[in-house]
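S.K.: Generate a structure from the sequence data that follows.
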Amino acid sequence: MPVQEINPDLQKERNTASFNPNEFSVWWAGGPAQYEQKKALEKMFLDDPELKDDLPISYLSHKELYEHSLRKACVIGEKIRKLRAEGEDGVDTYNALLGGSLGAAILKEGNPLTLHYVMFVPTIMGQGTMEQQVEWLSKAWDCEIIGTYAQTELGHGTFLRGLETRADYDEKTQEFVINSPTITAYKWWPGGLGHTANHAVVVAQLYTKGEFRGLAPFIVQLRHSDTHEPLPGIDIGDIGTKLGMKAVNNGYLGLKNVRVPLKNMLMKNQQVLPDGTYVAPKNSVLTYGTMMFVRCALIRDTAQSLAKASTIATRYAAVRRQSPIDPNQPEPQIMDHTTQQLKLFPQIAKAIVFKATGDGIWNMYNVLSGEIEQGNLDRLPEMHALSCCLKAICSADAAAGVETSRLACGGHGFLEVSNFPTIYGMTTAVCTYEGENTVMLLQTARYLVKVYGQALNGEKLVPTVAYINDFLKERQFVNFDGSLECIVRAFHYVAANKVRIAYERIEQRRRQGHSAEVAANLCGIELTQAADLHGRAFLAQSAYNEILAVSRAVSPALADVLKVVLELYLIDACLNRIGNFLRFIDLTDDDVSKLELRLESCLKSLRPNAVALVDSFDLHDRVLDSALGAYDGNVYDHIFESAKKNPLNKEPVNASFHKYLKPFMKAHL
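M.R.: Here you go, the predicted structure:
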């Protein structure tokens, strides 16, 4: 398609911006060096003709899509090898190509090799001994072997103790014998397992000397290293088409008397000695370190999903004209409708807040990893609880935000060429993998109930839950003045009350004679609500701290816009949970009315900068892959061009007319 001029409505929006979008883009990328690296990677990968699609992939069959995606994944892998040889394969490179926007541009429905890099390799690094890392990591980094992570089963997911795959240690041969005793014990869902991987970290129930020892990870070879044929005892394949991530080659795995040597059990945290003696881990939570690592990374991924969705919908809202506000005036840009602004602008704000929070959580995780290596596990439970609830909240909000953005585009948002179906499929998947969201909230809630009891006993709590100590000292919230600082404080107060209720209800059930487990189940609603408010209080505090810190470091023009973004995020978050605020804080009707009017004022203030803000996300047209969200704003030309690519339109009369329709129409004559 020839280069077109920018749609005049979209250009007008860019001309009204009060700040320089490039300044924001540099911050969004992580700084000047990261911004330059981003641009270099885009040029290196997006300009490569081998990584472009001649036909929209939605027209490919499941088999064709996998084969097409694996070819491109290998091209990407070869480029990564070259970058690594030149010492330029930093963490940001892998983030961009595997979980970030660049990877999504090249492989719209996911990369069959992603789990090799983000689960298989990190698991060996996190749970393998130094000797095991030396043996396996060089092979994995060079892709001499391709791995995946096989934990979830057909019958069990987040409840790890329910896994059925069993590994029995044979002292005579110094091997583990691994079996899938039932159909529900089949490993189900691991990315790349179907036809890509030839190795896997298989999580199984460990038995030595006839005794159950708990879960353990094993490196298991699945396919022959040359022929790729499944090895004896291995039943393996692809699980079929899905809502999203259609190219990831998720697979199933059944094992029958598969023997692996003793050295293939990852033993950094727990050991089995040659005679079958079991040495337990110092802390069982250490074995879940890889999952915590991925959950922290996912928070930043949700920001990217919202950035893409809000960019598409906001640009479309600047171009689409419909429904006169004043009957005597022409149809306005739909972004002039306040209801449209309420759909779009909070998603932009959430993208920015989730990005800032995700960066903070990532830094916390890296600090914690260093502490763990030194044997300091004090803050591990806190980090685990925080990563669980933030993964749940950010993924749920992002999935809802993508859908809201799609609906804001009317019928055209329903088209595949809008790219909303793919973005939604990729985003909503995060609500389930690495821990189903309700289970994640319950894990956080168990931690919160425990620390509430500690606070009642006068213990000082760690920073992210210290607000509970404050609540117990001051049981009443006074002087709600509507300031942003006050809203953050109110979130903590509401969260503390929800934790209190969960704690008291569980204690009440236990006094009635219920066990701790039954009491927790009966109080599941209170527990998930407490965890949700805890996470949202953390997000509110993080938004306040991080965005104000950024505002102090950028130009006054950009700082003014970011402060409006912060205000919109906090007020919108407060109003969306106004019932809880009214329950625990003595808010008046006037207080709520002022918040509602300030929300409308924030929308009005952001209106002139909305397009500039989404432009600042600096998402390449290949990343967006959307007829509705292209930088030039020529929406209708792009939609029509995509229709012309439809294989059904390559011939004026489809063969089915002569085969089916014409005989049907003429049958009565």
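
S.K.: mind listing what Ala392 touches?
M.R.: 431, 435, 437-438, 440-441, 444, 531-532, 535 (CB atoms under 8 Å, 6 or more residues apart in numbering). C-beta coordinates here come from the backbone N, C-alpha and C atoms, glycine included.

S.K.: so which strand or helix has it?
M.R.: Element membership of Ala392 [criterion: DSSP states H and E] is helix 380-407.

S.K.: Kindly report the same for Phe218.
M.R.: strand 211-221.

S.K.: Which elements pack onto that strand?
M.R.: helix 121-127, strand 175-179, strand 199-208, strand 258-261 (3 or more CB pairs under 8 Å, 6 or more residues apart in numbering; DSSP states H and E).

S.K.: Show me what it is in contact with.
M.R.: 123-124, 127, 136, 147, 150, 160-161, 163, 167, 176, 178, 198-207, 231, 255, 258, 260, 264-266, 270, 272, 278, 280, 284, 287.

S.K.: are any of those buried, and which?
M.R.: Burial by neighbour count, 16 or more other CB atoms under 10 Å: within the contacts of strand 211-221 this picks out 123-124, 127, 136, 147, 150, 160, 163, 167, 176, 178, 198-207, 255, 258, 260, 264-266, 270, 272, 278, 287.

S.K.: Could you export the worst-scoring helix or strand of the chain on mean pLDDT as CSV, CA atoms only?
M.R.: Every helix and strand in the chain was compared by mean pLDDT, DSSP states H and E; the lowest is helix 91-94, with a mean of 78. What follows is helix 91-94, C-alpha atoms only, in CSV (Å, rounded to 0.1, in the frame of the first residue of the first chain):
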residue,chain,number,x,y,z
VAL,A,91,17.5,-9.1,29.6
ASP,A,92,15.7,-6.4,27.7
THR,A,93,16.3,-8.2,24.4
TYR,A,94,14.7,-11.4,25.7
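
S.K.: Tell me the gap between that helix and the middle of its chain.
M.R.: 16 Å (CA atoms, centre = their mean, to the nearest Å).

S.K.: helices or strands next to the next helix or strand after it in the packing?
M.R.: Sequence order places helix 101-106 as the next helix or strand after helix 91-94, per DSSP H and E. Judged by 3+ CB pairs under 8 Å, 6+ apart, the packing partners of helix 101-106 are helix 32-46, helix 62-85, helix 289-319, helix 621-624.

S.K.: try 6 Å this time
M.R.: The contact analysis (3 or more CB pairs under 6 Å, 6 or more residues apart in numbering; DSSP states H and E) places helix 101-106 against helix 621-624.

S.K.: List the contacts of the helix it packs on.
M.R.: 46, 101, 105, 312, 630-631 (CB atoms under 6 Å, 6 or more residues apart in numbering).

S.K.: Next, give me the two most distant ones among those residues.
M.R.: Pairwise distances across the contacts of helix 621-624 (CB to CB) peak at 18.1 Å, for the pair Leu46 and Ile312.

S.K.: and the spatially closest residue to Gly128 that is not a sequence neighbour, what is it in contact with?
M.R.: Of all residues not flanking Gly128 in the chain, Leu266 sits nearest, at 4.8 Å (CB to CB, 6 or more residues apart in numbering). Contacts for Leu266 (CB under 6 Å, 6+ apart) come out as 127-128, 217.

S.K.: same thing with Thr182?
M.R.: Counting by CB under 6 Å, 6+ apart, Thr182 has contacts Glu164.

S.K.: Please tell me how far it sits from Glu153.
M.R.: 9 Å (CB to CB, to the nearest Å).

S.K.: Next: Ala167.
M.R.: 14 Å.

S.K.: can you tell me the helix or strand for Asp168?
M.R.: Per DSSP H and E: strand 166-170 holds Asp168.

S.K.: Give me the mean pLDDT for that strand.
M.R.: Strand 166-170 shows a mean pLDDT of 98.

S.K.: Spell out which strands sit alongside that strand in the sheet and which way each one runs.
M.R.: Sheet pairing of strand 166-170 (DSSP bridges) gives strand 175-179 (antiparallel), strand 199-208 (parallel).

S.K.: Please convert those to a markdown table, extending it with distance to Leu527.
M.R.: Shown next, in a markdown table, are these (distance: least, CB to CB, whole Å):
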| stretch | distance to Leu527 |
| --- | --- |
| strand 175-179 | 35 |
| strand 199-208 | 26 |
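
S.K.: which stretch among those strands comes nearest Arg505?
M.R.: Of all the strands paired with strand 166-170, strand 199-208 sits nearest to Arg505, with 33.6 Å by CB to CB.

S.K.: Now do the closest one: distance to the chain's middle.
M.R.: 26 Å.

S.K.: tilt between it and strand 211-221?
M.R.: 160 degrees (axes from the mean of the first three to the mean of the last three CA atoms, to 10 degrees).

S.K.: how about strand 199-208 as CSV, C-alpha atoms only?
M.R.: Output of strand 199-208 as CSV, limited to C-alpha atoms (Å, rounded to 0.1, in the frame of the first residue of the first chain):
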residue,chain,number,x,y,z
HIS,A,199,13.2,-32.0,26.8
ALA,A,200,11.1,-30.9,29.7
VAL,A,201,11.3,-30.1,33.4
VAL,A,202,8.7,-32.5,34.7
VAL,A,203,7.2,-31.8,38.1
ALA,A,204,6.2,-35.0,39.9
GLN,A,205,5.4,-36.5,43.3
LEU,A,206,8.7,-37.9,44.6
TYR,A,207,8.9,-41.2,46.4
THR,A,208,12.1,-42.7,47.9
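
S.K.: Between helix 289-319 and that strand, find me the angle.
M.R.: Going by the same axes, to 10 degrees, strand 199-208 makes 140 degrees with helix 289-319.

S.K.: mean confidence for strand 199-208?
M.R.: Mean predicted confidence for strand 199-208 is 98.

S.K.: any idea how far Asp168 is from Val258?
M.R.: Val258 is 11 Å from Asp168, by CB to CB.

S.K.: just Asn250 next, same as before
M.R.: From Asn250 over to Asp168 (counting by CB to CB), the distance is 28 Å.

S.K.: Ok, Leu448 next?
M.R.: Where Asp168 is concerned, Leu448 sits at a distance of 38 Å (CB to CB).

S.K.: What residues of stretch 210-224 count as buried?
M.R.: 213, 215-223.

S.K.: okay but Ala318 is in contact with Leu10, surely?
M.R.: Yes: under the criterion of CB atoms under 6 Å, Ala318 makes contact with Leu10 at 5.2 Å.

S.K.: which stretch among the helices and strands packed on strand 211-221 comes nearest Val417?
M.R.: helix 121-127 (35.6 Å).

S.K.: so what's Thr422 up against?
M.R.: Thr422 touches Lys108, counting by CB under 6 Å, 6+ apart.

S.K.: That one: helix or strand, and which one exactly?
M.R.: helix 420-429.

S.K.: which secondary structure elements does the helix or strand following that helix contact?
M.R.: On the C-terminal side of helix 420-429, the closest following helix or strand by DSSP H and E is helix 437-456. Where contact means 3+ CB pairs under 6 Å, 6+ apart, helix 437-456 is packed against helix 380-407, helix 466-473, helix 484-511, helix 524-553.

S.K.: ok, and what's touching helix 437-456?
M.R.: 158, 381, 385, 388-389, 391-392, 396, 431, 461, 465, 468-469, 472, 499, 502-503, 527-528, 530-531, 534.

S.K.: just stretch 344-361 next, same as before
M.R.: Contacts with stretch 344-361, where a contact means CB under 6 Å, 6+ apart, come from 296, 299-300, 302-303, 306-307, 310, 313-314, 394, 401, 405, 408, 539, 542-543, 546, 565, 568-569, 572, 603, 606, 613.

S.K.: now swap in stretch 22-41 and tell me
M.R.: With CB under 6 Å, 6+ apart, stretch 22-41 has contacts from 92, 96, 102, 558, 616, 618.

S.K.: Distance-wise, check the residue nearest to Gly128 relative to Thr123.
M.R.: 7 Å.

S.K.: With Leu415 instead?
M.R.: Leu415 is 40 Å from Thr123, by CB to CB.

S.K.: do the same with Leu472
M.R.: In terms of CB to CB, Leu472 sits 40 Å off from Thr123.

S.K.: Equivalent analysis for Pro663, please.
M.R.: Taken as CB to CB, the span from Pro663 to Thr123 is 59 Å.
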